[in-house]
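> A predicted structure for the sequence below; I have some questions about it.
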Amino acid sequence: MILACGAAFTGHVSGRDAHITEHQPPQRENTEFWYSLSPKKELKQTHKKKSEDKGKFSLLGTDKRRIVFLHSGQVVAQRLSNGSLLAQLPPAHFSALTTGGSQQLMRHFISQSLIMAELQLQHEVEPQLLNGGDLNEEREDAEASESVKKKRRKKKRSKTSAPAGTNEAEGDGEAGGVGDVTKQLEQQALEDKEREEDGEEDGDEGENSAGKKKKKKKKKKGLKGQTDPPSVPICELYPSGDFPKGEECEYPPSKDGRSAAWRTTSEEKRALDRANEEMWSDFRQAAEAHRQVRAYVKSWIKPGMTMIDICERLEDCSRKLIREDGLKAGLAFPTGCSINHCAAHYTPNAGDPTVLRYDDICKIDFGTHINGRIIDCAFTVTFNPKFDRLLEAVRDATNTGIKFAGIDVRLCDVGETIQEVMESYEVEIDGKTYQVKPIRNLNGHSIGQYRIHSGKTVPIVKGGEATRMEEGEAYAIETFGSTGRGAVHDDMECSHYMKNFNVGHVPIRLPRAKHLLNVINENFGTLAFCRRWLDRLGESKYLMALKNLCDLGIIDPYPPLCDIKGSYTAQYEHTILLRPTYKEVVSRGDDY
């Protein structure tokens, strides 16, 4: 609300609040007064006269409103720097400000041939013709932001005055003008409320007449953006359920040279593709979570961090983005962070003091799932550039395996091409040259619902199975390169466990083992888990029960797999979908 002051005042207006220096106006007959009207059609009393001879008036605040009373042909409208208007009246009409309510004031102004008009402010105030009267405006633009302290220079603009109009608005004509403005006031109040709710700024400039008003267009709300660090679930970022697709590739030609391009245009294959759209969507949602989590991890992982800290921060972020919900959505298996000669299946148990060092080569392997549709994807982190050539060899081998994989392709053929590419690389580390060797007893694998290894294996050396890939399957294409022997063995303390997918009913005698199995069934089902996750659920003193379940064959342990000490191993992995129309590398990102 604008509070008024005497005709002569000094000071300045800035932002939403204003400060005016008070002083006594000179004693003269032509003393002028300022007043304003709020959008609720009630004239706010803007001053208090303290004595007959001496009066003090203060401008205590401002309001971004656009209503002003104008004296017929004699009124000057002035805009303050915050967008408010003040109107100037001779003292003959000022007495009306202090007597009676708003209705009396309205009748008084009508009888005095006053015109009430609405001046819409944008970035400029345009001159308007109101009920036949011309408005002479002096415009002064100034911008001031609450959050920005920096002063901006003022821009002054003015326009030449138009010829004075006649003052013929009497009786019914004046009453009609007031009625029009009353409707506009109500409409303006509604629009102001909507704009405040939507956080919308005024964007349209131009002329607005008393009888016709431009409608404000609401800005369309865009998709919700991701935070830093990531915390918004993927399902909220894509509320329509249209998640980003991975890389779509045509299938490789068959052995007899026939192209597989017909699959992309076949109506039958397209129909089959659409029939499984819900399953593909689950994979894509989990893949988008994986992409955002690994991008986040790469932004902060550095030497000196403990492996427990790395894994817990990664898993906490994954749970938020995937919106963990029991067995419906969550982590598919524990975060692998195998270092140097350890190639796979290492994650720290509670109390593990291992720290990541500058000369380490760390394989980050983690998975996400939606409704059991698992994304298995891995990459290698290094800080010393001496490992760059090794990483390039393994990444190239993985991409080669992806390129040659497809419907009706034999698994052994994929392994042969992977080995050929990887062994074509040599790396020099610490002055010694090594031929990169594929780790022959580690493989890619098919992926089933709630089953990370669903039966088929994708070798990374020649001589594997002649089984063919089939339409509708999902595969994890992963390769491991080593500077050691090219073979791994069980080593170190076990941390990974998984319930046997095909286990039947097995009698359990230990009560603690029965309780632990119930916890595993409720929280993990047939998905892999680690001891840290049992600790997180509040379980304690469970090692004996866990060993009992392993001895009974209900739970399978997966200890870390290591090459010879002193060697270095690297890994890259992607999940691919063998759709009826395309081969989709669903976990593909801008990073690899």
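Okay, I see it.

> Could you use CA atoms for every contact and neighbour count after this?
OK.

> Which neighbouring elements make contact with the host helix or strand of Val381?
Per DSSP states H and E, Val381 falls inside strand 373-382. Helices and strands touching strand 373-382, by 3 or more CA pairs under 8 Å, 6 or more residues apart in numbering; DSSP states H and E, are helix 277-300, strand 361-370, strand 569-578.

> Got the domain ranges for the protein?
Following automatic domain parsing, one gets these domains for the chain: 10-198, 277-490+565-592, 494-558.

> ok, of those, where does mean pLDDT dip lowest?
Comparing mean pLDDT across those, the weakest is domain 10-198, with a mean of 43.

> between the helices and strands packed on strand 373-382, which one is nearest to Leu552?
strand 361-370 (27.3 Å; CA to CA).

> Can you tell me the strand partners of the helix or strand containing Thr479 and which way each runs?
Following DSSP H and E, one finds Thr479 within strand 474-482. Neighbouring strands of strand 474-482 in its sheet, by DSSP bridges, are strand 437-438 (antiparallel), strand 444-447 (antiparallel), strand 569-578 (antiparallel).

> Name the residues of stretch 345-352 that come out as buried.
By 16 or more other CA atoms under 10 Å, the buried positions in stretch 345-352 come out as 345-349.

> tally of neighbours for Lys432?
Neighbour count of Lys432, defined by other CA atoms under 10 Å: 7.

> Please name the bridge partners of it.
Ile429.

> how close does it sit to Cys362?
Lys432 sits 21 Å away from Cys362, going by CA to CA, to the nearest Å.

> so Ala344 bridges to which residues?
Beta-bridge partners of Ala344, as defined by DSSP bridges: Leu561.

> List the residues that contact it.
Ala344 sits next to 336-338, 363, 560-562 when contact means CA atoms under 8 Å, 6 or more residues apart in numbering.

> Can you say which of the residues you listed are buried?
336-338, 363, 560-562.

> Looking at the helices and strands packed on strand 373-382, spot the one closest to Lys514.
Closest among those, using CA to CA: strand 361-370, at 26.8 Å.

> Can I get that closest one in CSV, CA atoms only?
This file holds the C-alpha atoms of strand 361-370, laid out as CSV (Å, rounded to 0.1, in the frame of the first residue of the first chain):
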residue,chain,number,x,y,z
ILE,A,361,43.1,-48.7,-10.7
CYS,A,362,39.6,-49.2,-9.4
LYS,A,363,36.7,-51.0,-11.1
ILE,A,364,33.3,-49.4,-10.1
ASP,A,365,30.6,-52.0,-10.8
PHE,A,366,27.0,-51.3,-9.5
GLY,A,367,23.5,-52.1,-10.6
THR,A,368,20.0,-50.7,-10.4
HIS,A,369,16.7,-52.3,-11.2
ILE,A,370,13.0,-51.5,-11.7
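
> what's the angle from it to strand 569-578?
Here strand 361-370 runs at an angle of 20 degrees relative to strand 569-578 (axes from the mean of the first three to the mean of the last three CA atoms, to 10 degrees).

> Residues contacting strand 361-370, please?
Residues contacting strand 361-370 (CA under 8 Å, 6+ apart): 282-283, 285-287, 289-290, 318, 322, 328-340, 343-344, 374-383, 387, 568-571.

> just stretch 506-516 next, same as before
Contacts of stretch 506-516 (CA under 8 Å, 6+ apart): 542, 544-546, 548-549, 552, 554.

> now, which of those residues sits nearest Ile452?
Out of the contacts of stretch 506-516, the member with the shortest distance to Ile452 (by CA to CA) is Ile554, at 16.5 Å.

> List buried residues within the contacts of strand 361-370.
Here, 16+ other CA under 10 Å leaves 282-283, 285-287, 289-290, 318, 322, 329-340, 343-344, 374-383, 387, 568-571 buried among the contacts of strand 361-370.

> Okay, helices next: where are they in this structure?
In the chain, the helices defined using DSSP state H lie at 91-94, 102-111, 171-198, 234-237, 262-265, 267-275, 277-300, 307-322, 388-404, 411-422, 511-523, 531-536, 543-551.

> Any chance of TSV for these, columns distance to Thr457?
Shown next, in TSV, are the helices of the chain (distance: least, CA to CA, whole Å):
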stretch	distance to Thr457
helix 91-94	93
helix 102-111	86
helix 171-198	55
helix 234-237	31
helix 262-265	25
helix 267-275	25
helix 277-300	20
helix 307-322	27
helix 388-404	13
helix 411-422	8
helix 511-523	26
helix 531-536	27
helix 543-551	24
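
> wait, which of those is closest to Cys249?
Cys249 lies closest, by CA to CA, to one member of these: helix 388-404, at 8.3 Å.

> just checking, what packs against the closest one?
Applying 3+ CA pairs under 8 Å, 6+ apart, one finds that helix 388-404 contacts helix 411-422, strand 426-429, strand 474-482, strand 569-578.

> what packs against the longest one?
If I follow you right, that is helix 411-422. helix 388-404, strand 437-438, strand 457-458.

> contact partners of that helix?
Contacts for helix 411-422 (CA under 8 Å, 6+ apart): 393-394, 396-398, 400-401, 404-405, 436-438, 457-469, 479, 481.

> Quick one, which of those are buried?
The neighbour-count criterion (16+ other CA under 10 Å) marks 393-394, 396-398, 400-401, 404-405, 436-438, 457-462, 464, 468-469, 479, 481 among the contacts of helix 411-422 as buried.

> if we can go back for a sec, in TSV: the contacts of stretch 506-516, plus distance to His496.
TSV is the format used below for the contacts of stretch 506-516 (distance: CA to CA, whole Å):
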residue	distance to His496
Tyr542	15
Met544	16
Ala545	15
Leu546	12
Asn548	16
Leu549	14
Leu552	17
Ile554	14
